[in-house]
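Participant: Fold the stuff below for me.
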Amino acid sequence: MAYKSLLTVLTETEQSAPALAQMAALATAQDAHAEALCLGVDRSQTGYYYAGANALILQETLSRAKAEAEDTLHYAETYLNSSGVRWSAESGVAQIADIGRHVAHRARFSDLVILPQPYGKDRSVEAEPIVEAAMFEGHAPVLVIPENTTPFDKPGTVLVGWNESVEAMRAIRCALPFLIEADQVRIVVIDPPTHGPDRSDPGGLLSQMLSRHGVKCEIDVLSKTMSRVSDILNRHATDTETDMIVMGAYGHSRFREAILGGATRNMLEQSTVPVFMAH
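Facilitator: The predicted model follows:
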């Protein structure tokens with residue numbers, strides 16, 4: 001099992017290096033094709049302009065978006081050309097409200113989408129919709145790469161967040177190529193239910209399934225000593241020197257997580273290691 005079609009979506013050069021570096025490392029390790037979609041984003045909302053200004057402003061914003069796309073394309077081409085992997089790259093222009101459609105179309109035909117961390121200082125407004133479009137409309141797993149991380153060809157230690165949800169199982173199945181190659185996989189169960197078929201052996205059936213694939217795994221049962229699950233996972237990742245976290249994404253609605261917060265959003269904001277997500 002391997003990822004043969006890798007995709008990254010870039011809208012600026014400042015935050016592109018971590019995702020490009022990780023994509024190149026995986027393409028080398030798995031003999032995969034690396035593809036970069038470089039989009040210039042028209043962030044204008046023409047309905048708010050005064051009468052008569054629309055045409056002029058629209059032309060200006062489109063020209064700026066096209067120039068940004070070409071700059072990002074040149075950056076990606078230069079980086080990938082020096083990496084020695086099989087690659088392709090192209091540019092395009094998308095309006096902010098329509099960017100999800102372009103991302104989803106490409107993500108649908110990719111084994112794995114590798115994206116920069118969507119939250120943090122100087123992040124663009126389209127970073128979050130790009131991650132969500134790849135997962136929800138493109139139905140592809142996403143590997144989110146924080147800044148200042150070292151690219152890996154295969155992860156040493158992988159932390160798997162397991163809460164018996166459909167989203168978590170989907171992420172685990174999609175991450176099997178990583179899990180099989182990892183030196184160690186730690187299945188993390190936080191406050192397992194006291195009632196239910198797995199109460200006496202939390203994570204046992206998942207461990208059994210993974211071991212049949214040759215995955216070397218252990219089960220870590222943790223108490224909810226912190227208010228947010230993401231904080232517990234991040235702390236445990238630090239304590240165990242984890243290289244990657246695997247978890248299901250958006251167990252609640254995206255709207256609820258955007259307003260009230262949630263494990264997915266918090267993890268994407270706080271994690272200092274790559275996070276593999278699927279929905």
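Participant: Let me see the backbone angles for the closest residue to residue 144 other than its chain neighbours.
Facilitator: Excluding the flanking residues, the one nearest residue 144 by C-beta to C-beta, 6 or more residues apart in numbering is residue 275, at 4.7 Å. In short, each C-beta sits where N, CA and C put it, glycine included. Backbone torsions of residue 275, given as degrees, to the nearest 10, read phi -120, psi 120.
Participant: if I pick residue 275, what's in contact with it?
Facilitator: Residues near residue 275 by C-beta atoms under 8 Å, 6 or more residues apart in numbering: 143, 144, 244, 245, 246, 247, 267, 268.
Participant: got the buried residues for the helix or strand containing residue 205?
Facilitator: Assigned by DSSP states H and E, residue 205 falls within helix 204-211. Within helix 204-211, the residues scored as buried using 16 or more other C-beta atoms under 10 Å are 206, 207, 210.
Participant: name the helices or strands packed onto that helix?
Facilitator: strand 184-190, strand 217-222 (3 or more C-beta pairs under 8 Å, 6 or more residues apart in numbering; DSSP states H and E).
Participant: starting at the chain centroid, how far to the first one?
Facilitator: Distance, stretch centre to chain centre, for strand 184-190: 19 Å (C-alpha atoms, centre = their mean, to the nearest Å).
Participant: Quick check: residue 26 is in a helix.
Facilitator: Yes - assessed with DSSP: H, G, I helix; E, B strand; the rest coil, residue 26 lies in a helix.
Participant: Number of residues surrounding it?
Facilitator: A count of nearby residues for residue 26, using other C-beta atoms under 10 Å, gives 24.
Participant: where does the stretch 1-150 of the chain have low pLDDT?
Facilitator: 45-56 (pLDDT under 70).
Participant: one more time with 90
Facilitator: Low-confidence segments of the stretch 1-150 of the chain (pLDDT under 90): 1, 14-15, 42-63, 95-97, 119-125.
Participant: Strands of that one, residue ranges please.
Facilitator: Under the criterion DSSP state E, counting those that start in this stretch, the stretch 1-150 of the chain contains strands at 5-10, 33-42, 86-95, 112-116, 142-145.
Participant: Show me the one of those that comes nearest residue 168.
Facilitator: Distance to residue 168, taken as C-beta to C-beta, is lowest for strand 142-145 among those, at 14.6 Å.
Participant: Against which helices or strands is that closest one packed?
Facilitator: helix 17-30, strand 112-116, strand 275-278.
Participant: Isn't residue 149 up against residue 274?
Facilitator: Yes - Residue 149 is within contact range of residue 274, at 6.3 Å (criterion: C-beta atoms under 8 Å).
Participant: between those two, who's got more neighbours?
Facilitator: residue 274 (25 against 17).
Participant: got a pLDDT number for that one?
Facilitator: Looking at residue 274, its pLDDT is 97.
Participant: separation between it and residue 19?
Facilitator: 10 Å (C-beta to C-beta, to the nearest Å).
Participant: Need the overlap of contacts for residue 149 and residue 274.
Facilitator: residue 22.
Participant: Between the two ends of stretch 169-185, how far is it?
Facilitator: Terminal residues of stretch 169-185 lie 15 Å apart, using C-alpha to C-alpha, to the nearest Å.
Participant: ugh, typo on my part, it should be stretch 208-215
Facilitator: Terminal-residue distance, stretch 208-215 (C-alpha to C-alpha): 9 Å.
Participant: Give me the distance from it to the chain's centre.
Facilitator: 24 Å.
Participant: what does it contact?
Facilitator: 172, 176, 179, 180, 182, 185, 187, 217.
Participant: if you compare the strands of the stretch 1-150 of the chain, which one is most tucked away?
Facilitator: strand 112-116 (a mean of 28; mean count of other C-beta atoms under 10 Å).
Participant: Contacts made by it with the rest, please.
Facilitator: Counting by C-beta under 8 Å, 6+ apart, 3, 5-10, 15-16, 18-19, 22-23, 26, 107, 123, 127, 130-131, 134, 138, 140-145, 147 sit against strand 112-116.
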